[in-house]
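here is my input, please return the structure:
(one chain, ligands or ions: 1)
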Amino acid sequence: MKAVIAGTGVDEVLSSFDESTEETYYGYVTYYRKDDVIIIPRHRKKHTDSPSMVNYKANISALVSLGCKEVIGIYAVGSITDRLPPSSFALVGDFMDFSGRNISFFNGEENPLKHTCMDNVFDSELNRKIMEAAGCVLADDIVYVMTNGPRLETAGEIRAFGRLGADVVGMTLATEASLLKELGLRYSALAYSINWAQGVKGGELSFISGCDTAKLCRHLLDTAIKALS
Ligand code: HPA
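Numbers count the residues shown, from 1 in each chain. Next up, the predicted model:
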């Protein structure tokens, strides 16, 4: 079994899949299925969970109990550099976590304390399969910085993140990537940009349309399913 975890824009495409529920130690998870690929809407159906409230541990536990070994995460982001402008997508190669969240399977509560190494978080073979499915070469070294949300960043925060080497900003990847790495699942991350981050190009923060966001998300979901099949 394989899996895709997706967020902004995924709701519009879920109606064509069968819905099921998996009970886990951390709570129940609603998922969708297409052949041997499981799809989890990370914010739940209708996007009700904010990034800091997503039940990341339940989502990932459900994947493990359903027998998933490979996972592709799909993330809407804001662009900090020209390496991934709005309406484009690429593979994430590294992340920085400024969320202050402290979420781990090995925090000494339900499991003994363990410090998991964050080397090779993203799987190069899975990245290769994604590029093959996409039919093009994608950058695979995009640097993602994570904030806690749900508020967006200030221009000063974005300027600082850019100086530290971040290409894009979002609110979910670092938590998900860390937990997947803790459990040893093979994982790749596709980021698609829906706006210039605050202050990057001056003017008001503006997002691409909901329709374009859903279209991009659908395209990436199809690409991910093809890569995993
Ligand atoms: N900031 C944080 N998360 C985001 C953004 C942003 O500008 N765009 C999409 N997700």
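
excluding chain neighbours, what is closest to the residue of the chain found nearest the ligand?
Among the residues of the chain, Gly78 lies nearest to the ligand; the distance is 2.4 Å by C-beta to the nearest ligand atom. For every residue, glycine as well, the C-beta is placed using N, CA and C. In this structure, Gly78 finds its nearest non-sequential neighbour in Ala197, 3.7 Å apart by C-beta to C-beta, 6 or more residues apart in numbering.

please verify my assumption that that neighbour contacts Ile80.
Yes: using C-beta atoms under 8 Å, Ala197 is in contact with Ile80, at 5.1 Å.

enumerate the residues of the protein near the ligand.
Residues of the chain lying near the ligand by C-beta under 6 Å from any ligand atom: 76-78, 147, 152-153, 169-171, 194-195, 197.

tell me the SS of the residue sitting furthest away from the middle of the chain?
Centroid-distance maximum for the chain: Gly203 at 27.4 Å, with C-alpha atoms, centre = their mean. Here Gly203 is coil, with the state taken from DSSP: H, G, I helix; E, B strand; the rest coil.

any idea how far Thr8 is from it?
Separation of Gly203 from Thr8 (C-beta to C-beta, to the nearest Å): 22 Å.

cool, Tyr32 as well?
Tyr32 sits at a distance of 16 Å from Thr8 (criterion: C-beta to C-beta).

settle it for me: which of those two has more neighbours?
A direct count of neighbours by other C-beta atoms under 10 Å for Tyr32 and Thr8 places Thr8 higher, at 24 against 20.

Cys217 is in contact with that one, correct?
Yes: using C-beta under 8 Å, Thr8 makes contact with Cys217 at a distance of 6.9 Å.

next, show the common contact partners of these two.
Shared contacts of Thr8 and Cys217 (C-beta atoms under 8 Å, 6 or more residues apart in numbering): Ala76.

pull out the buried positions in the lengthiest helix in the chain.
For the chain, the longest helix by residue count, based on DSSP state H, is helix 210-228. Going by neighbour count (16 or more other C-beta atoms under 10 Å), the buried part of helix 210-228 is 213-217, 219-221, 223-225, 227-228.

of those, which is the nearest to Ala90?
Nearest to Ala90 among those: Leu220, at 10.7 Å, using C-beta to C-beta.

that closest one against Ala90, yeah?
No: assessed by C-beta under 8 Å, Leu220 is found out of contact with Ala90, at 10.7 Å.

what is in contact with these two at once?
Leu190.

which stretches of this protein form helices?
Ranges of helices within the chain are 56-65, 124-134, 155-164, 173-182, 210-228, based on DSSP H.

tabulate those helices (JSON lines), appending mean pLDDT.
Below are the helices of the chain laid out as JSON lines (pLDDT from 0 to 100):
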{"stretch": "helix 56-65", "mean pLDDT": "97"}
{"stretch": "helix 124-134", "mean pLDDT": "98"}
{"stretch": "helix 155-164", "mean pLDDT": "97"}
{"stretch": "helix 173-182", "mean pLDDT": "98"}
{"stretch": "helix 210-228", "mean pLDDT": "93"}
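
so which of those is nearest Phe17?
Nearest to Phe17 among the helices of the chain is helix 210-228; the distance by C-beta to C-beta comes to 9.9 Å.

which outside residues touch the closest one?
Helix 210-228 has contacts (C-beta under 8 Å, 6+ apart) with 2-4, 6, 8-10, 12-13, 34, 37, 39, 70, 72, 74, 76, 87, 89, 126, 129-130, 132-134, 190, 192, 194, 207-208.

among those residues, name the buried ones.
In terms of neighbour count (16+ other C-beta under 10 Å), the buried residues within the contacts of helix 210-228 are 2-4, 6, 8-10, 13, 37, 39, 70, 72, 74, 76, 89, 126, 129-130, 133-134, 190, 192, 194, 208.
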